[in-house]
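Novice: model this:
(one chain, ligands or ions: 1)
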Amino acid sequence: MDRDRRFESSGLWAVILGGSSGFGLAAAKRLAQAGINILIAHKDKEGAVETLIKPHFDEIRAQGVKLVSHNVNLFDDDGRGEVFESIAANAGPGKVHLFMHSIAAGACKLMVDAKAPDFRGQALKGLSEALSAHGVQASPDILKTAVNDAFHQKGCDALYTLAESKIPYKDNLLEQEDLEKTVWMMGYDYLLWGRELLKDGLLSKDARLVAMTSEGNEVAWRGYAAVSAAKCALEASSRAMALELAPYGARSYVLQAGITDTPAGNAIPNFDLMKAQARLRNPFHRLTTPEDVAEMIYALCLPGLSWTNGAVITVDGGESISGI
Ligand SMILES: NC(=O)c1ccc[n+]([C@@H]2O[C@H](COP(=O)([O-])OP(=O)(O)OC[C@H]3O[C@@H](n4cnc5c(N)ncnc54)[C@H](O)[C@@H]3O)[C@@H](O)[C@H]2O)c1
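Specialist: Below is the predicted model:
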């Protein structure tokens, strides 16, 4: 497909924290297609960088833009300092048109030991009895195995209430430190970076700042307490930035993506069940892709959309407003 090269020769940059995967990587690719230079910070194993990530970075460079990347831990002062100095050295004053915070570094742990009525066991027992009334003998255990096979191997999403997740809860419960680190990195860290970029004069005259939230900002998912708290801090941070940074020309948005198949997503307990439920519930009966979100980010970088500010924008095909 022909893409416009609207930002070619503009000398503008996109700074993407968490740009080696998922939404961050897709946004980097989309903006590179439009001619924006890319600076990515990420944290991945060296082996993965060579085999999995380098081909993506080569694809970005093939667009004829500059790409600078830093494989660092952004929880560490050294890592943060290295990235900040690099932004100043590479992009320079007034050239960061997009700042995106897309780091997934949250603790997905239960608050207390899981306790719930055995709905699955009851349903399988009832099904076994109903089958028996029709002359078919299948024990609840056999039905359990069949349901799991049909769900995990044959893609029968509608069985998600009966199937067992292959992504179990973590053994250890949520600690205060988990909450603190998650709310920092996935919550107000967006504000800290946005403010520093502004203070050092690195943002463009009408810069866009973007971070990612999820439907777990309002509904409670088991094992998602820390990330949910972080999303609320993130959305509050974005509103504050939208207000206080507007006199400097910057806009802030939080994008609420639907359920998306990424490494971070697949670290959430029960995510396989959540994906099935999302495919059933979504009006378009598919998951959100990183590219869906990247297209929105590109659109938000255009001059025409500059009147949107401080909003939480859903990019989910209508998943969050759909019942079933
Ligand atoms: N996947 C979903 O279903 C979904 C839905 C809505 C919102 N989100 C949100 O989108 C954001 C990005 O998630 P994703 O699904 O694209 O994840 P992902 O796993 O694809 O990408 C996460 C990125 O964070 C980087 N990272 C992790 N820890 C880091 C650290 N300590 N220092 C530096 N970089 C680090 C990784 O290297 C990677 O580039 C998160 O805020 C997530 O909550 C995800």
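Novice: Please name the nearest non-neighbouring residue to residue 91.
Specialist: residue 13 (3.9 Å; C-beta to C-beta, 6 or more residues apart in numbering). Just so you know, the C-beta spots here come from the backbone N, C-alpha and C atoms, and that holds for glycine as well.
Novice: so which strand or helix has the most far-flung residue of the chain relative to its centre?
Specialist: Within the chain, the residue lying farthest from the chain centre (C-alpha atoms, centre = their mean) is residue 135, at 48.7 Å. In this assignment (DSSP states H and E), residue 135 forms part of neither any helix nor any strand.
Novice: Quick one: the strands in the stretch 1-150 of the chain, in order.
Specialist: 13-17, 37-42, 67-71, 96-101 (DSSP state E, counting those that start in this stretch).
Novice: Report the angle between the second one and strand 96-101.
Specialist: What separates the directions of strand 37-42 and strand 96-101 is an angle of 20 degrees, with axes from the mean of the first three to the mean of the last three C-alpha atoms, to 10 degrees.
Novice: For strand 37-42, enumerate the helices and strands it packs against.
Specialist: strand 13-17, helix 22-33, strand 67-71, helix 77-90 (3 or more C-beta pairs under 8 Å, 6 or more residues apart in numbering; DSSP states H and E).
Novice: how far does the first one sit from the chain's center?
Specialist: By that I understand strand 13-17. Relative to its chain's centre, strand 13-17 lies at 16 Å (C-alpha atoms, centre = their mean, to the nearest Å).
Novice: same thing with the second one?
Specialist: Computed by C-alpha atoms, centre = their mean, the chain-centroid distance of helix 22-33 equals 13 Å.
Novice: could I get that helix in PDB with only the CA atoms?
Specialist: What follows is helix 22-33 as a C-alpha-only set of coordinates in PDB (Å, rounded to 0.1, in the frame of the first residue of the first chain):
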ATOM      1  CA  GLY A  22       3.200  -4.800  20.700                       C
ATOM      2  CA  PHE A  23       1.700  -1.300  20.400                       C
ATOM      3  CA  GLY A  24       5.000   0.500  20.700                       C
ATOM      4  CA  LEU A  25       6.700  -1.400  17.900                       C
ATOM      5  CA  ALA A  26       3.600  -1.100  15.600                       C
ATOM      6  CA  ALA A  27       3.500   2.700  16.200                       C
ATOM      7  CA  ALA A  28       7.300   2.900  15.500                       C
ATOM      8  CA  LYS A  29       6.700   1.200  12.100                       C
ATOM      9  CA  ARG A  30       3.700   3.300  11.200                       C
ATOM     10  CA  LEU A  31       5.400   6.600  12.000                       C
ATOM     11  CA  ALA A  32       8.600   5.500  10.200                       C
ATOM     12  CA  GLN A  33       6.500   4.900   7.100                       C
END
